[in-house]
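In: okay, here's the prediction I keep looking at, along with the sequence it came from:
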Amino acid sequence: MPPASAPLTEKPEWHALLQQKQQLESVLMRDLFQTDPKRADRYLIKGAGLTLDFSRNRLTDETLTALSDLARACNLPQRITDLVTGAKVNRTENRPALHTALRQPAGDSVWVDGKDIIPEIHATQARMEQLDQAIQSGTKTGHTGRAFTDIVSIGIGGSFLGPKLAVEALTPFWQGNLRCHFVANIDGTDIAETLKSLNPETTLFLVQSKSFRTQETLDNSLIAREWFLTNGGNQDAVAHHFMAVTANTDEAVRFGIHPDNIFPMWDWVGGRYSLWSAIGLPIALMVGMDNFRALLAGAHAMDCHFKEAPTEQNLPVVMALLSVWYNNFWSAQSHAVLPYDEYLKHLPEHLQQLDMESNGKKVTQDGAPVDYETGPILWGGVGANGQHAYHQLIHQGTRLVPADFVIPLTSHNPVGHHHATLFANCLSQARAMMAGKTEAEALQELIASGLDQNAAAELAPHKAIPGNKPSNILLMAKITPETLGALVALYEHRTFVQSVIWDVDCFDQWGVELGKQMGNEILPRLIDNEEVGSAGDSATDNLVALFRSANRR
Ligand SMILES: O=P(O)(O)OC[C@H]1O[C@](O)(CO)[C@@H](O)[C@@H]1O
């Protein structure tokens with residue numbers, strides 16, 4: 001028998017799954033439902049306020065057991081313990097990844113380099129609460145004494161996507177009359193358009209950057225400060241209007257942020273896992289600290305479920321194993337996330353960074369090239385709009401696109417029959433993907449509608465839908481801080497479990513760095529007045545020349 005550390009594709013559990021795939025190739029899900037009336041019940045699992053219906057997948061109990069065996073063979077239980085106890089799971093950066101600690105209650109202990117980090121996390125939350133209360137009560141105002149009306153969060157990547165998702169998703173919980181704006185892009189339009197509607201006297205800027213070295217964030221913050229100074233502000237007043245969240249306090253102070261206005265981040269929090277830290281300030285200020293704590297509590301409930309639930313009842317583990325199943329055994333190239341809730345419209349964007357920056361890797365933890373596919377392309381958008389766009393490809397295209405439908409049972413906006421209609425749309429899409437329509441059924445329908453045999457036979461192949469397309473449905477009672485926290489934590493753990501199976505470091509992102517480095521080399525060639533040498537290739541040089549002539553001053 002190969003040792004436990006055998007490469008993934010040499011493990012017997014991998015081969016068992018290859019056999020499963022062969023057995024299931026000609027099996028139709030619609031038949032599985034027909035022969036097993038308990039299928040829907042068996043594949044409905046719950047945790048942390050979320051319900052996962054994974055019955056519409058190409059699997060049987062045997063497959064599920066084989067997937068669980070693979071997880072055990074990859075040491076998943078130990079790897080989960082390592083994650084939550086602060087082992088250095090980010091091996092290439094020699095760091096723990098302790099986003100779970102950010103949502104642990106006071107009184108718990110998690111140790112990093114001999115120091116319990118929980119007290120510092122809660123002290124930071126207390127500072128966030130003070131700021132929230134001071135803004136709400138009017139004791140913290142702009143430099144002229146006027147109450148803040150607008151918050152501008154300047155950050156990108158993980159310092160942007162998570163807070164933006166949560167602020168939008170929790171719109172029904174917004175307090176007071178504060179408005180929140182996000183600026184991320186280095187396209188000047190982003191900051192310019194945002195500033196147009198703002199009054200410098202009543203605007204608070206949050207510079208959000210773990211490293212405080214990210215060009216987009218620093219350049220946008222400089223423009224914001226310049227705008228503030230040229231529109232009635234002054235150097236002393238900057239301290240009233242600019243705050244930062246960063247792990248690099250020295251740089252933030254050098255930039256001009258007052259030390260009292262800096263909230264800490266820690267190198268043991270990955271950017272894309274950071275909305276639970278002070279990077280979540282825009283959320284806390286918009287929905288209040290009680291709701292922010294409820295968000296943390298929802299995520300913590302999912303952490304407990306993740307640590308404690310048996311593999312086949314464990315929501316993130318099952319979802320991750322299903323992703324591996326389709327990615328590695330059925331050649332699915334992508335995965336769709338389809339939130340059937342307007343408030344969750346930014347979920348796919350956040351998950352794109354979470355999943356693709358984490359698992360877009362091509363070497364194992366030991367640096368050996370993988371001989372299997374790793375992270376799929378994650379995409380999606382809000383339902384039912386997608387039904388009138390890309391669902392056609394899911395139903396009748398040549399590619400296999402497993403999908404997650406995410407839908408609350410009740411709506412914050414119960415207008416007319418809208419929510420029932422939305423729910424019906426969601427169920428019908430999942431059912432159509434699963435059951436499809438055979439050519440014989442299409443033919444029968446066409447003849448019944450009055451078409452003659454020949455015309456019906458001609459049309460039937462176009463109307464036949466193959467079905468057998470897998471999907472999950474994730475439900476929650478309503479979108480609340482708790483259920484949102486659980487949902488986002490669920491996907492974080494799903495991402496981690498996939499990385500454990502694929503044996504990749506899901507907490508680094510070296511690929512992003514090369515583009516940043518090259519960008520820094522190209523920029524002077526675009527803006528310096530004197531002649532510049534080659535950027536290294538003629539294609540880049542040609543376009544540098546075009547840009548220079550178009551922007552000659
Ligand atoms: O918070 P920072 O340091 O500005 O980084 C922003 C983002 O840039 C990245 O390093 C690369 O995109 C992300 O991982 C991170 O969330």
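Out: It's in.
In: doesn't Asp404 lie inside a helix?
Out: No: applying DSSP: H, G, I helix; E, B strand; the rest coil, one finds Asp404 to be strand, outside a helix.
In: that one: neighbour count?
Out: Around Asp404 there are 25 other residues, counting by other C-beta atoms under 10 Å. In this view, the C-beta of every residue, glycine as well, is placed from N, C-alpha and C.
In: in this structure it contacts Leu344, no?
Out: No: using C-beta atoms under 8 Å as the test, Asp404 is too far from Leu344 to be in contact (11.3 Å).
In: so what's the backbone phi/psi at Ile115?
Out: Not Ile; residue 115 is Lys. Per-residue torsions, Lys115: phi -120, psi 130 (degrees, to the nearest 10).
In: contact partners for the residue in the stretch 351-500 of the chain positioned nearest to the ligand?
Out: Closest contact between the stretch 351-500 of the chain and the ligand, by C-beta to the nearest ligand atom, is at Glu357 (5.9 Å). Residues near Glu357 by C-beta atoms under 8 Å, 6 or more residues apart in numbering: 157, 272, 509, 512.
In: now whatever residue of the stretch 251-400 of the chain ends up closest to the ligand. Nearest residue, chain neighbours left out?
Out: Closest residue of the stretch 251-400 of the chain to the ligand, C-beta to the nearest ligand atom: Gly271 (2.5 Å). Distances taken as C-beta to C-beta, 6 or more residues apart in numbering put Gly158 closest to Gly271, at 3.0 Å, once the chain neighbours are dropped.
In: what's the neighbour count on the one you found?
Out: So Gly158, with other C-beta under 10 Å, has 24 neighbours.
In: then it would be within a strand, right?
Out: No: counting by three-state DSSP, Gly158 is not part of a strand but helix.
In: what separation is there between Leu67 and Phe212?
Out: 42 Å (C-beta to C-beta, to the nearest Å).
In: one more: Asp341?
Out: Asp341 is 35 Å from Phe212, by C-beta to C-beta.
In: neighbour count winner among those two?
Out: Neighbours around Asp341 and Phe212, counted as other C-beta under 10 Å, are more numerous at Phe212. The numbers are 25 against 21.
In: ok, then the element right after the helix or strand hosting Ile135?
Out: Per DSSP states H and E: Ile135 is located in helix 118-137. Helices and strands here follow DSSP H and E; after helix 118-137, the next one along the chain is strand 150-154.
In: hmm, who's touching that following strand?
Out: 160, 163-164, 178-184, 191, 194, 198-199, 202-208, 217, 220-221, 224, 281-282, 285-286.
In: rerun at 6 Å
Out: Applying C-beta atoms under 6 Å, 6 or more residues apart in numbering, the contact partners of strand 150-154 are 179-183, 198, 203-208, 217, 220-221, 282, 285.
In: and it, how far from the chain's centre?
Out: Averaged C-alpha coordinates place strand 150-154 at 21 Å from its chain's average position (C-alpha atoms, centre = their mean, to the nearest Å).
In: okay, now the sheet partners of it, with direction.
Out: Applying DSSP bridges, strand 150-154 is found paired with strand 179-183 (parallel), strand 203-208 (parallel).
In: next structured bit after it?
Out: Next element after strand 150-154 (DSSP H and E): helix 161-169.
In: is there any residue in that next one that contacts the ligand?
Out: No: with C-beta under 6 Å from any ligand atom as the criterion, the ligand is not reached by helix 161-169; the gap is at least 8.0 Å.
In: quick revisit: which of the strands paired with strand 150-154 sits most buried?
Out: Most buried of these, by mean neighbour count (mean count of other C-beta atoms under 10 Å): strand 203-208, with a mean of 27.
In: what does that strand contact?
Out: Residues outside strand 203-208 that contact it (C-beta under 6 Å, 6+ apart) are 148, 150-155, 159, 221, 224, 241-245, 279, 281.
In: what's the neighbour count on the residue nearest to Leu195 when sequence neighbours are not counted?
Out: Leaving aside its chain neighbours, Leu195 sits nearest to Trp227 (5.3 Å; criterion: C-beta to C-beta, 6+ apart). Here the count is done by other C-beta under 10 Å, and Trp227 has 18 residues near it.
In: mind listing residues that contact the helix or strand hosting Trp227?
Out: Under the criterion of DSSP H and E, Trp227 resides in helix 215-230. Under the contact criterion C-beta under 6 Å, 6+ apart, helix 215-230 has outside partners 154-156, 183, 186, 191, 195, 200, 205, 207, 209, 241.
In: can you tell me which of those residues are up against the ligand?
Out: Counting by C-beta under 6 Å from any ligand atom, the members of the contacts of helix 215-230 near the ligand are 156, 209.
In: right, and out of the contacts of helix 215-230, which lies closest to the ligand?
Out: Ser209 (3.3 Å).
In: how near is the closest residue to that closest one other than its chain neighbours to Asp190?
Out: Sequence neighbours aside, Thr217 is the residue nearest to Ser209 in space, at 4.6 Å (criterion: C-beta to C-beta, 6+ apart). Thr217 is 11 Å from Asp190, where distance means C-beta to C-beta.
In: also Gln34?
Out: Taking C-beta to C-beta, one finds Gln34 at 53 Å from Asp190.
In: and if you look at Gln509?
Out: In this view, Gln509 and Asp190 are 22 Å apart by C-beta to C-beta.
In: next: Arg56.
Out: For Arg56, the distance to Asp190 - C-beta to C-beta - is 40 Å.
In: which of those two has more residues huddled nearby?
Out: Legend: neighbour count by other C-beta under 10 Å for Arg56 and Asp190, higher for Arg56 (28 against 18).
In: pLDDT score for the residue lying closest to the more buried one once chain neighbours are set aside?
Out: Excluding its sequence neighbours, the residue lying closest to Arg56 (C-beta to C-beta, 6+ apart) is Met434, at 4.3 Å. pLDDT, the model's per-residue confidence, is 98 for Met434.
In: show me what the helix or strand containing Met434 is packed against.
Out: Per DSSP H and E: Met434 is located in helix 418-435. If you count contacts as 3 or more C-beta pairs under 6 Å, 6 or more residues apart in numbering; DSSP states H and E, helix 418-435 packs onto strand 403-408, strand 471-476.
In: let's see 10 Å
Out: helix 29-35, strand 334-339, helix 391-396, strand 403-408, strand 471-476 (3 or more C-beta pairs under 10 Å, 6 or more residues apart in numbering; DSSP states H and E).
In: what does the first one contact?
Out: With contact meaning C-beta atoms under 10 Å, 6 or more residues apart in numbering, helix 29-35 is reached by 24, 28, 39-40, 55-60, 431, 433-436, 438, 467-471.
In: and the strands in the protein?
Out: Assigned by DSSP state E, the chain shows strands spanning 44-47, 50-53, 111-112, 115-116, 150-154, 179-183, 203-208, 242-246, 262-264, 334-339, 377-380, 403-408, 471-476.
In: now do the last one and strand 403-408, the angle between them.
Out: Here strand 471-476 runs at an angle of 20 degrees relative to strand 403-408 (axes from the mean of the first three to the mean of the last three C-alpha atoms, to 10 degrees).
In: coming back round to it: isn't the residue nearest to Gly271 right next to Ile279, touching?
Out: Yes: with contact defined as C-beta atoms under 10 Å, Gly158 reaches Ile279; the gap is 7.3 Å.
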